[in-house]
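Undergrad: Predicted model and sequence below, questions to follow.
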Amino acid sequence: MRFVDEFRDAEMAQALSAEILNLCEPGRRYKFMEVCGGHTHTIYKHGLEDYLPETVTLVHGPGCPVCVIPMGRVDDAIAIATKPDVIMTTFGDMMRVPGGRGSFFDAKAAGADIRMVYSPLDSLKIAQQNPDKHVVFMAIGFETTAPSSAMTVLRAKALDLENFSIFCNHVTIIPAIKAILDSPDLRLDGFIGPGHVSTVIGCRPYEFISRQYTKPLVTAGFEPLDILQSIKMILDQIVEGRCEVENQYTRVVPWDGNPKALEVISEVMELRPYFEWRGLGFISHSALRVRDSYASFDAERIFQLPGVRVADPKACQCGEVLKGVLKPWECKVFGTACTPETPIGTCMVSSEGACAAYYNFGRFTRDRVKEASRA
Amino acid sequence: MSPDRPRVDFSLIETESQGPVDVAEERSADWAEEALREHDEFEQYEPATEHLTREQQVLQRIDRARARKARLKEERITLAHGAGGKATHTLIEALFLEQFRNPLLEPLADQAVFGVNGSRLALTTDSYVVSPLFFPGGDIGDLAVNGTVNDLAMSGARPLYLSAGFILEEGFMVEDLQRIVESMRRAAEAADVLIVTGDTKVVGRGKGDGCYINTSGVGVIERDVTLSASACKPGDVVIVSGPIGEHGITVMLARGELDIECDVESDTAPLHSLVAALLDKCGGEVGAPAPTGGRGSCGVRCLRDATRGGVATILNELAVASQVAFVVDEAAVPVRDDVMGASELLGIDPLYVACEGRMVVIVDGAQADAALAALHGHSLGAGAAVIGRVKDDPPGLVLLKTTFGGTRIVDMLVGDPLPRIC
């Protein structure tokens, strides 16, 4: 199929694989982090690691919007959803994310009106069709999805809708990357930079990574060849002694981002002083909230929220997995107590979570599979 | 918009991480602590695995955890229990099988096969709650007939008689019911079955979704074949009878929630004549002399219609039941471009998308060509293709050689196929 097959071509992959092998210094081990959960998903879904030499390890980063939602925040959302005459609307990914007392799926089964939507504008439609109900959109995601949430608020205002608000949980990527760079347990040789986030914020915000932390970063697309090429570009930098922010995903990512999207976000939202991340704790200026001037579209202001923090279970090592310190299978409860059908940690819920990707796609030992897949 | 609005600074790096701030109260997630306690008890029975790498040890532990007896932990039924994936299996095994256990039910096949006065009969039942009721290529009526006909056909049976039970909602348009029933009649004629008994109930407005239908069916097995999920052997090949995922994508798009336009139509069709053509060519023809000592000469091991959960779920069930590995070649799996396009947009894998007129055939490698020729000779099997092979190791796993050239596993579906958000 056009626009798909050309980015999954096995012959090109083999050629890139050979170049990558050539660029690797014999005896040296390399660790690259793919920041974005979408990349993690691609890597596992296409079996991309088969093309990498054993000395190159991919470390999965924190860029999975669902994975970083703390349990207390899910409880707050469920508290809103169970209020009378409220319709909660959400992306499908959020449905199975557990809070301290169950997930949206559980709350829905218990009677709450929770509906899956594919766009926040669908929530707006639901609000227009149900004037006697208050419709809340569960806004999650990095800078990628924040513009559409902000745009929806602007649209709601233009329509004079009084029964629509967003529960804003948007987070920002730079503080998370910085938390990882400051983490003492991890030595990385470079970053595969987030693609979709960069369509909004551009590549400039990453420059501190190459300047202050002297790590190369290559913003990458989401097809498997994109990722292989970006790995080659990072290795090129290492071989040539360069350390820069580069853009592999030029067909989509403008260097300076999308000014219109940034303007829309800034109109409706501002940085929060602090926000809690699942497994990473509280990070300052790491999330967005609705500005005072749009208070009437802010579910946090409209509804009384419990705001009770739920401590991560002690055995849960989501934080270490999100920071790339642990491989998913190294977590103590991986695959036994914590599985996609009964997830304890969020990394096991979203298809972009590192644990779910490994469990669903990578749960085998390479030797046995090589044997089995021999023609 | 306010032109002087300060820009949000996404490159702000003067951030700091710290412990909880402004938290009035903190508690623990009781359900998670409980799950972890159970896990600890389970872990105490770990056999010696020191000779394995740590990753292998973890994988073994996971295998044992997956083999544990299914337990229904949820307090309430959720939509995931009806999605045909792991939650559905848990519900069936932990509740229904536990209570109804008997040798005919135990294989948990789509139909039960039993002998009555020297005849082998197949019995099956299925309920239809599709929304919307009418969709391109079909409606709930022909779906209700074809689905039950196919469940019978997958055992090698010739479908004979169907029952039809209707649960109608107060206010449902008679005109729509008329359309549905006419469609059932046409489907029954096409499948050469009679609808011989039925039932009608009406529930109050708001208590149903217009029209639900249950059909049961009985058929007779006149061939010397025993098709079983546990009969797959290394050396067998996996065939699908046509392009996959058309029904599921059609219904998803017909709900109108996605604003995606696409010409795809449901593949709903009765498969009994395709099955007959296949078995006739593969040593399972009617009246073939039964060889002494065990199964007949038929090389077809198992037939399954790839409904809820799609081809991926079927193969997982067979891999576990037969304790074999399936190796599927992604590039060989027939998927129409429009189905592929919609799946890519929605972030779902066509391997998990339901079909209503396609089947998975597991056949002895030596009879693969004959099977494929038989399928190709029938209009419903024109798009049939070999998509994979059966191996002995690792048992219970479905492996996929991706188009890209990598390897991954294909697991059972968890919950609904949820579109990814970014």
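TA: All right, it came through fine. Note that the coordinates shown come from a computational prediction; the quantities given were computed from them, not determined experimentally.
Undergrad: how far away is residue A:272 from chain B?
TA: 11 Å (CB to the nearest CB, to the nearest Å). From N, CA and C alone the C-beta is placed, and that goes for glycine too.
Undergrad: List the contacts of that residue.
TA: By CB atoms under 8 Å, 6 or more residues apart in numbering or on different chains, residue A:272 lies in contact with A:285, A:286, A:287, A:288, A:289.
Undergrad: Run through those and flag the ones next to chain B.
TA: Here is what survives when the contacts of residue A:272 are matched to chain B using CB under 8 Å from any CB of the partner chain: A:285, A:286, A:288.
Undergrad: Nearest to chain B among those?
TA: Each of the ones next to chain B among the contacts of residue A:272 was checked against chain B using CB to the nearest CB; the closest is residue A:285, at 5.1 Å.
Undergrad: what's around the closest one, how many residues?
TA: 21 (other CB atoms under 10 Å in any protein chain shown).
Undergrad: what residues are up against residue B:39?
TA: A:315, A:333, A:336, A:337.
Undergrad: Please identify which residue in chain B comes closest to chain A.
TA: Counting by CB to the nearest CB, chain B gets nearest chain A through residue B:406, at 2.1 Å.
Undergrad: Spatially nearest residue to that residue, not counting backbone neighbours?
TA: Leaving aside its sequence neighbours, residue B:406 sits nearest to residue A:47 (CB to CB, 6 or more residues apart in numbering or on different chains; 2.1 Å).
Undergrad: Just the pLDDT for the one you found.
TA: What the model reports for residue A:47 is a pLDDT of 91.
Undergrad: Return the residues in contact with it.
TA: By CB under 8 Å, 6+ apart, the neighbours of residue A:47 are A:361, B:400, B:401, B:402, B:404, B:405, B:406, B:407, B:408.
Undergrad: pretty sure residue A:17 contacts residue A:228?
TA: Yes: using CB atoms under 8 Å, residue A:17 is in contact with residue A:228, at 6.9 Å.
Undergrad: Between these two, which is the more surrounded one?
TA: residue A:228 (26 against 19).
Undergrad: what secondary structure does the more buried one sit in?
TA: helix (DSSP: H, G, I helix; E, B strand; the rest coil).
Undergrad: Let me see the contact set for it.
TA: A:13, A:16, A:17, A:20, A:48, A:51.
Undergrad: Same question for residue A:365.
TA: B:53, B:55, B:56, B:59, B:394.
Undergrad: For the residue in chain A positioned nearest to chain B, give its distance to residue A:228.
TA: Closest approach between chain A and chain B, counting by CB to the nearest CB: residue A:47, at 2.1 Å. When distances are taken as CB to CB, to the nearest Å, residue A:47 and residue A:228 turn out to be 12 Å apart.
Undergrad: what does residue A:111 give?
TA: Taken as CB to CB, the span from residue A:111 to residue A:228 is 48 Å.
Undergrad: swap in residue A:278?
TA: 30 Å.
Undergrad: Any stretches of chain A with poor pLDDT?
TA: A:366-375 (pLDDT under 70).
Undergrad: Give the closest residue to the residue nearest the centre of it in space, chain neighbours not counted.
TA: What sits nearest the mean C-alpha location of chain A, by CA atoms, centre = their mean, is residue A:64, with 2.0 Å. Closest residue in space to residue A:64, ignoring its immediate chain neighbours: residue A:37 at 3.0 Å, by CB to CB, 6+ apart.
Undergrad: how many other residues sit next to the one you found?
TA: By other CB under 10 Å, the residues close to residue A:37 number 30.
Undergrad: residues contacting it?
TA: A:60, A:61, A:63, A:64, A:65, A:67, A:350, A:352, A:353, A:354.
Undergrad: what bridges to the first one?
TA: Residue A:60 forms beta bridges with residue A:34, as assigned by DSSP bridges.
Undergrad: where does the stretch 51-200 of chain B dip in pLDDT?
TA: For the stretch 51-200 of chain B, the ranges with pLDDT under 70 are B:51.
Undergrad: Return the residues of it in contact with chain A.
TA: B:53-56, B:58-59, B:61-62, B:65, B:73-80, B:85-87, B:90.
Undergrad: Now, of these, which are buried?
TA: When these are checked for burial by 16 or more other CB atoms under 10 Å in any protein chain shown, the buried set is B:58, B:59, B:61, B:62, B:74, B:78, B:80, B:85, B:86, B:87, B:90.
Undergrad: residue boundaries of the helices in the stretch 51-200 of chain B?
TA: B:54-67, B:86-91, B:98-100, B:140-153, B:174-191 (DSSP state H, counting those that start in this stretch).
Undergrad: can you check the stretch 301-422 of chain B too?
TA: If DSSP H, counting those that start in this stretch is used as the criterion, the helices of the stretch 301-422 of chain B fall at B:310-322, B:337-346, B:368-376.
Undergrad: do the shortest one and chain A meet at all?
TA: Looking back up the chat, that one is helix B:368-376. No: judged by CB under 8 Å from any CB, helix B:368-376 stays clear of chain A, getting no closer than 14.5 Å.
Undergrad: buried ones in that helix?
TA: Applying 16+ other CB under 10 Å to helix B:368-376 flags B:368, B:370, B:371, B:372, B:374, B:375 as buried.
Undergrad: thinking again about what came up before, among the contacts of residue A:47, name the buried ones.
TA: A:361, B:400, B:401, B:402, B:404, B:405, B:406, B:407, B:408.
Undergrad: Fine by me, thanks again.
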